[in-house]
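Asker: what's the 3D shape of this:
(chains A and B)
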Amino acid sequence: MLVLTRKINEEIKIGHDVTIKVLSMTENQIKIGIDAPKSIQIYRGEVFAKVIETTIEASQASLQKQIDFVKYKIKKVND
Amino acid sequence: MKIKTYQFGEVEFTEDKIIKFSEGLYGFEQLKQYLFIKPDDSFFFWLNSIENPNIAFPLFGLRLVDGAYPQEEHFEGFGIVTLNNNPLKVTINMKAPVYINQDEKSGFQKIIDSDKFPVHYNLFIE
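Answerer: Numbers count the residues shown, from 1 in each chain, chains lettered A, B, ... in the order given. I've put the predicted structure just below:
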């Protein structure tokens, strides 16, 4: 892994299109700004790990019996 | 062409039915070709891998859960469902939508990194 030391407001460029800037720092938190083209997806590492875990879980879940889901109501957001 | 699936037994299909995910799904990056099927006796749509027919994901339309769910032009957004024998424990992944264009036979998945969209959203109420 490439390791760089940066001060507040200093930047790192990744290729031509991606800029990462250290915005502020407290004792245990660093605020980072990222400028990148829309085509590059950006998300927190733990979110990525959680999505993979959930997708693998979904691929393994199966039903032991036939269930009539039509009998249940969809729980809508904002209901 | 024919594949032997875990969920539906033998499924016959023609090449034009294949939905291509050029980057795969998260955790399944190596699987890029899927059949998108809606069996008569299933409440859900299914995305069944052609390269590994044992891998299948139940899908449900996200707009049916959240009328304001983010759209992608020409694509329909689905959430991957985690099944459970207790319907009240069935969840849908709202954080990593699967977008499918049935006309173009292509699909992709993205992550919406927002606390508004959980990976396990309970799909049913009584």
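Asker: going forward, measure contacts and count neighbours with C-alpha atoms only.
Answerer: Noted.
Asker: Walking through the chain, point out its strands one by one.
Answerer: Defaulting to chain A. For chain A, the strands defined by DSSP state E occupy A:11-14, A:18-25, A:30-35, A:73-74.
Asker: wrong chain, I was asking about chain B
Answerer: Under DSSP E, chain B gives strands at B:2-5, B:9-12, B:18-20, B:33-37, B:45-49, B:56-61, B:76-82, B:91-92, B:98-101, B:106-109, B:121-122, B:124-125.
Asker: Any chance of the ones you listed in TSV with distance to chain A as columns?
Answerer: Output for the strands of chain B, formatted as TSV (distance: least, Cα to the nearest Cα, whole Å):
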stretch	distance to chain A
strand B:2-5	13
strand B:9-12	14
strand B:18-20	18
strand B:33-37	13
strand B:45-49	10
strand B:56-61	6
strand B:76-82	4
strand B:91-92	9
strand B:98-101	11
strand B:106-109	11
strand B:121-122	7
strand B:124-125	5
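Asker: For A:Ile67, which of those is the nearest?
Answerer: strand B:124-125 (12.6 Å; Cα to Cα).
Asker: I'd like the mean pLDDT over that closest one, please.
Answerer: In this model, strand B:124-125 carries a mean pLDDT of 95.
Asker: closest one to A:Ile30 among the strands of chain B?
Answerer: That would be strand B:106-109 among these, by Cα to Cα, at 28.9 Å.
Asker: which outside residues touch that closest one?
Answerer: Contacts with strand B:106-109, where a contact means Cα atoms under 8 Å, 6 or more residues apart in numbering or on different chains, come from B:19-26, B:75, B:96-101.
Asker: residue farthest from the centroid of chain B?
Answerer: In terms of distance from the mean C-alpha position of chain B, B:Glu126 ranks first, at 23.9 Å (Cα atoms, centre = their mean).
Asker: and it, what is it in contact with?
Answerer: Neighbour list for B:Glu126: A:71-73, B:88 [criterion: Cα under 8 Å, 6+ apart].
Asker: who wins for neighbours among those residues?
Answerer: B:Leu88 (17 neighbours; other Cα atoms under 10 Å in any protein chain shown).
Asker: Next one: B:Gly27 from A:Leu4, what distance?
Answerer: 30 Å (Cα to Cα, to the nearest Å).
Asker: These two: which is more packed in?
Answerer: Using other Cα under 10 Å as the criterion, B:Gly27 and A:Leu4 rank with B:Gly27 on top: 15 against 6.
Asker: The nearest residue to that one once chain neighbours are set aside: how many residues sit nearby?
Answerer: Closest residue to B:Gly27 apart from its sequence neighbours, by Cα to Cα, 6 or more residues apart in numbering or on different chains: A:Ile52 at 5.0 Å. Using other Cα under 10 Å, A:Ile52 is surrounded by 17 other residues.
Asker: Starting from B:Ala56, give me the distance back to A:Ile52.
Answerer: Noted for A:Ile52: a distance of 15 Å to B:Ala56, by Cα to Cα.
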